[in-house]
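**Student:** next one to model:
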Amino acid sequence: MGKVSTLLSLVKNDKSKIPAAITANIASMPISHKIPDKLYLSMRYKAIFGRRLNWQNPETFTEKLQWLKLYGRDPQYVRLVDKYDVKEYIKNTVGEEYIIPTLGIWERAEDIDFDSLPEQFVLKCTHDSGSVIICKDKKTFDRSAAVKSLNAKLQRNLFWWNREWVYKDIKPRVIAEKYMEDTKTRELRDYKLFCFDGVPKLIFVATDRQSKENETAFDFFDMDYNWLDIRNGHPNASVHPEKPVTFEQMKALASKLSKGFPEARIDFYEIDGKIYFGEITFFHNGGFMPFDPDSWDYEIGKWLKLPD
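**Tutor:** Sure thing, here's the model as predicted:
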């Protein structure tokens with residue numbers, strides 16, 4: 001427990017700095033499971049942002065997301081972050097025409113029925129983030145590598161890294177979905193709207209997500225689609241992505257899907273002029289991705305009203 005004791009003393013000292021590498025190492029060690037959520041979040045926050053997390057009077061967006069992890073736990077969030085179960089919510093709230101078709105779901109990667117899948121498809125786990133595997137050509141697709149990768153992802157629990165409680169008790173499964181691509185952009189652009197109790201306030205567009213040559217780019221816009229000088233973990237694109245033709249409809253759908261939640265990021269795709277739902281996220285990047293400039297962390301924080 002030596003490292004934990006050292007981190008605790010650093011957290012209590014306003015002037016001290018916690019090396020991010022130390023918290024990263026702690027996060028990957030079983031010993032981290034013994035650290036209480038509040039202390040763990042305080043340690044990570046100070047290591048990343050260089051300032052103490054203000055639990056008593058949180059001001060920034062990232063601080064308030066940490067507060068919500070501990071004090072804003074709504075049980076329905078669990079089904080809404082499950083990549084499969086959320087589709088029922090989408091169907092009942094805005095309609096099933098916005099849902100990407102499901103091709104199959106399995107509890108074990110070894111059980112995936114590849115023979116039943118089309119020539120192109122997408123595989124991903126229902127309980128995590130970043131497990132997407134894309135098949136564009138079934139003839140050359142490495143099934144064994146996919147099974148191995150998915151099995152590893154099925155064993156992990158995202159809760160322990162950022163203490164996002166919504167991921168702790170989701171049943172791990174693998175889902176196959178229809179492969180989709182916009183014929184104009186030749187990619188699947190992500191349109192992610194930050195919403196606050198049903199009011200969309202900010203959107204960022206993720207481009208080049210499948211590119212091998214370029215890093216994924218994030219570009220932020222206001223609700224009139226004016227570009228904003230913000231970076232958040234990724235560079236801006238060399239050319240600002242054009243306004244989606246369904247932008248107004250996206251805002252209306254995001255409003256319906258986020259109503260009643262203090263904050264939620266509602267993600268969509270636009271494919272050949274039609275909207276498809278991506279996912280709902282209640283803790284953008286775990287609340288641990290700094291905004292550049294930092295003033296936007298405070299500005300977005302003003303939009304998030306914490307429950308009593």
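
**Student:** C-alpha only now, for contacts and for neighbours.
**Tutor:** Noted.

**Student:** what about F277, which SS state?
**Tutor:** Under DSSP: H, G, I helix; E, B strand; the rest coil, the three-state class of F277 is strand.

**Student:** before we move on, what about L103?
**Tutor:** From three-state DSSP, the assignment for L103 is strand.

**Student:** P118 versus that one, what's the distance?
**Tutor:** 9 Å (Cα to Cα, to the nearest Å).

**Student:** can you check F221 too?
**Tutor:** As for F221, its distance to P118 is 37 Å (criterion: Cα to Cα).

**Student:** which of those two has more residues huddled nearby?
**Tutor:** Set side by side, F221 and P118 show more neighbours around F221, with 19 against 14, by other Cα atoms under 10 Å.

**Student:** contact partners for the more buried one?
**Tutor:** By Cα atoms under 8 Å, 6 or more residues apart in numbering, the contact set of F221 is L202, I203, F204, W227, L228.

**Student:** for PyMOL, write the select line for the buried members of these.
**Tutor:** Command for PyMOL that selects the buried part of the contacts of F221, burial taken from 16 or more other Cα atoms under 10 Å:
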select buried, resi 202+203+204
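
**Student:** of the contacts of F221, which belong to strands?
**Tutor:** Using DSSP state E, L202, I203, F204, W227, L228 are the members of those that sit in strands.

**Student:** closest to K184 among these?
**Tutor:** Of all these, K184 sits closest to F204, with 19.4 Å by Cα to Cα.

**Student:** just the element for the nearest residue to the closest one once chain neighbours are set aside, please.
**Tutor:** Nearest-residue entry for F204: F220, 4.1 Å, with adjacent residues in sequence omitted and distances by Cα to Cα, 6 or more residues apart in numbering. Per DSSP states H and E: F220 is located in strand 217-221.

**Student:** can you give the strand pairings for that strand, parallel or anti for each?
**Tutor:** Sheet pairing here is set by DSSP bridges, and for strand 217-221 it gives strand 199-207 (antiparallel), strand 227-228 (antiparallel).

**Student:** I'd like these written out as CSV, with distance to K38 added.
**Tutor:** Listed next are the strands paired with strand 217-221 as CSV, based on distance: least, Cα to Cα, whole Å:
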stretch, distance to K38
strand 199-207, 29
strand 227-228, 33
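
**Student:** N92 is nearest to which of those?
**Tutor:** strand 199-207 (19.7 Å).

**Student:** what is the mean pLDDT for the closest one?
**Tutor:** Averaging pLDDT along strand 199-207 yields 97.

**Student:** how about residues contacting that strand?
**Tutor:** Residues from elsewhere that reach strand 199-207 (Cα under 8 Å, 6+ apart): 187-195, 216-223, 237, 241, 251, 254-255, 258-259.

**Student:** hey, what's I266 bridged with?
**Tutor:** Under the criterion DSSP bridges, I266 forms beta bridges with L193, I280.

**Student:** am I right that it is in contact with F194?
**Tutor:** Yes - using Cα atoms under 8 Å, I266 is in contact with F194, at 6.7 Å.

**Student:** E59 contacts L304, doesn't it?
**Tutor:** No - in this structure, E59 is not within contact of L304 by Cα under 8 Å, at 9.2 Å.

**Student:** still on that earlier bit, could you flag which of the contacts of strand 199-207 are buried?
**Tutor:** 187-195, 216-221, 237, 241, 251, 254-255, 258-259.

**Student:** quick check: the gap between the closest residue to I133 other than its chain neighbours and K87.
**Tutor:** Nearest residue to I133, sequence neighbours excluded (Cα to Cα, 6+ apart): L123, at 5.1 Å. Distance, L123 to K87, by Cα to Cα: 16 Å.

**Student:** shaky segments in the stretch 151-300 of the chain?
**Tutor:** Scanning the stretch 151-300 of the chain for pLDDT under 70 picks out the ranges 210-213.

**Student:** do that again at 80, thanks
**Tutor:** By pLDDT under 80, the low-scoring segments of the stretch 151-300 of the chain are 186, 209-214.

**Student:** the helices in it, which residues?
**Tutor:** With DSSP state H, counting those that start in this stretch, the ranges of helices along the stretch 151-300 of the chain come out as 159-162, 247-258, 295-303.

**Student:** distance from the longest one to the middle of the chain?
**Tutor:** Okay, so that is helix 247-258. Mean-position distance between helix 247-258 and its chain equals 18 Å (Cα atoms, centre = their mean, to the nearest Å).

**Student:** show me the contact partners of stretch 296-303.
**Tutor:** Stretch 296-303 has contacts (Cα under 8 Å, 6+ apart) with E59, T60, F61, T62, K64, F196, I230, P290, F291.

**Student:** try it again with 7 Å
**Tutor:** E59, T60, F61, T62, F196, F291 (Cα atoms under 7 Å, 6 or more residues apart in numbering).
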